[in-house]
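K.L.:
no sequence on this one, just coordinates:
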């Protein structure tokens, strides 16, 4: 779950003045969920890095228009989501290298996460995006609806269907591994 | 076949309380919810081994470049000032080609002329000093911006030369003196602006 930014309003006002340190504070706060989302959606490290950079450039350009009528995290992720769509639209399909970025050790718990990551990757795009934002990044479904400009019903449906698909794909794995959660 | 209540709850058609009541008596839904919870718990931990690169240096560089390139207020200001200089040049040209002598309104007195010439000399001295400083700065700023400044200064210089040439025939002409003064002030301000901009770049 993403924590609220400390002194969010003050930080945003500093960003509006063009204070680069304020942008850095925002980057540091959101870097993990931003990168995690971009990697899982784009499946390419370079594209994910470009997406984050583009997101901050667009944020820099557009922050003066932010009027506090949505949560800042929603606003930021909406930019990232749209940037990811642009990147996907522009590129041809490449072999995914995400698993190399994510795998660290060979222990069983990590294999489980790797398996889940593979399964998430196989979800249809919208479903994958909704599931990542809900289950991995911890955003409430209402906020996801705002970010992705979908109805909350659509988000609920995507998350529900994602869980069903993942349950099927992970069912064998669940049978093999003892439940230690 | 999945329990309908589980599906309704998942799609938001059944509220939490209603689903909780059903859950108490439906073993299928209990199993489904257990598996959902496992998936959610795994998903929450899926980032724990994710290596996050520090992208800030690249982002910072890009933002600073954007800040530097965001010269459109400067550029817009520049455009307006070039427009002002061109309007002056056109006005001067029209005046010089259409003038009818009306000596008593257009000629400066000797005292006034001396005063005006003194002011012009002061501006020229300031301009000479600023030009020396600006010459060094031009090489340090973005090539495109430097080119814009050079073009603007050349336009103003051309205006100054036309005024000076016209004043050789009519040294006490008020209008020409005004145009010359306006051009000198504009050149001084442009050189100042260039120096300040270049200093900010270096910072």
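P.N.:
Here it is on my side, so go on. None of these values were measured; they are calculated from a predicted model.
K.L.:
off-centre distance for the longest helix along chain A?
P.N.:
Among the segments of chain A that qualify as a helix by DSSP state H, the longest is helix A:152-176. Computed by Cα atoms, centre = their mean, to the nearest Å, the chain-centroid distance of helix A:152-176 equals 18 Å.
K.L.:
how far away is the spatially most distant residue from the centre of chain B from residue B:19?
P.N.:
Using Cα atoms, centre = their mean, the residue of chain B lying farthest from its centre is residue B:25. It sits 67.5 Å away. Distance of residue B:25 to residue B:19, given as Cβ to Cβ, to the nearest Å: 11 Å. Where you see a C-beta, it was placed from the backbone N, CA and C, and this is true even at glycine.
K.L.:
find the nearest non-adjacent residue to the residue positioned nearest the centre of chain A, please.
P.N.:
Of all residues in chain A, the one closest to the mean position by Cα atoms, centre = their mean is residue A:37, 2.4 Å from it. Leaving aside its chain neighbours, residue A:37 sits nearest to residue A:132 (5.7 Å; criterion: Cβ to Cβ, 6 or more residues apart in numbering or on different chains).
K.L.:
still on that earlier bit, can I assume the residue farthest from the centre of chain B sits in a strand?
P.N.:
No. Under DSSP: H, G, I helix; E, B strand; the rest coil, residue B:25 falls outside any strand and is assigned coil.
K.L.:
please report phi then psi for it.
P.N.:
Note on residue B:25: its backbone torsions stand at phi -120, psi 0 [degrees, to the nearest 10].
K.L.:
try residue B:4
P.N.:
According to degrees, to the nearest 10, residue B:4 has phi -60, psi -40.
K.L.:
just give the number of residues close to it.
P.N.:
12 (other Cβ atoms under 10 Å in any protein chain shown).
K.L.:
would you mind measuring from it to chain A?
P.N.:
Here residue B:4 is placed at a distance of 13 Å from chain A (Cβ to the nearest Cβ, to the nearest Å).
K.L.:
secondary structure class for the closest residue to residue A:165 other than its chain neighbours?
P.N.:
Among residues not flanking residue A:165 along the chain, residue A:123 sits closest, at 6.1 Å (Cβ to Cβ, 6+ apart). Classification of residue A:123 by three-state DSSP places it in coil.
K.L.:
ok, residue A:123 to chain B distance?
P.N.:
In terms of Cβ to the nearest Cβ, residue A:123 sits 12 Å off from chain B.
K.L.:
ok, that residue touching residue A:164?
P.N.:
No. Taking contacts as Cβ atoms under 8 Å, residue A:123 lies outside contact range of residue A:164: 10.5 Å.
K.L.:
what stretches of chain A score poorly on pLDDT?
P.N.:
Applying pLDDT under 70 to chain A flags the ranges A:1-2, A:92-110, A:173-181.
K.L.:
show me it divided up by domain.
P.N.:
A:1-102, A:108-181 (automatic domain parsing).
K.L.:
which of those domains sits closest to residue B:137?
P.N.:
domain A:1-102 (22.9 Å; Cβ to Cβ).
K.L.:
off-centre distance for that closest one?
P.N.:
9 Å.
K.L.:
ok, stretch B:44-61 next?
P.N.:
Relative to the centre of its chain, stretch B:44-61 is centred 32 Å away, using Cα atoms, centre = their mean.
K.L.:
any bit of it sitting next to chain A?
P.N.:
Yes. Stretch B:44-61 reaches chain A (Cβ under 8 Å from any Cβ of the partner chain) through B:44-56, B:58-60.
K.L.:
which ones are touching the residue nearest to residue A:37?
P.N.:
A:36-37, A:40-41, A:120 (Cβ atoms under 8 Å, 6 or more residues apart in numbering or on different chains).
K.L.:
repeat that with 7 Å
P.N.:
A:37, A:40-41, A:120 (Cβ atoms under 7 Å, 6 or more residues apart in numbering or on different chains).
K.L.:
of these, which is the nearest to chain B?
P.N.:
residue A:120 (7.8 Å; Cβ to the nearest Cβ).
K.L.:
number of nearby residues for the closest residue to that closest one other than its chain neighbours?
P.N.:
With Cβ to Cβ, 6+ apart as the criterion, residue A:120 has its nearest non-adjacent residue at 6.0 Å, and that residue is residue A:128. Here the number of neighbours of residue A:128 (other Cβ under 10 Å) works out to 19.
K.L.:
I'd like the next helix or strand past the lowest-mean-pLDDT helix or strand in chain B.
P.N.:
Using mean pLDDT, DSSP states H and E, helix B:103-106 stands out as the lowest-scoring helix or strand of chain B, at a mean of 51. Downstream of helix B:103-106, the first helix or strand assigned by DSSP states H and E is helix B:110-138.
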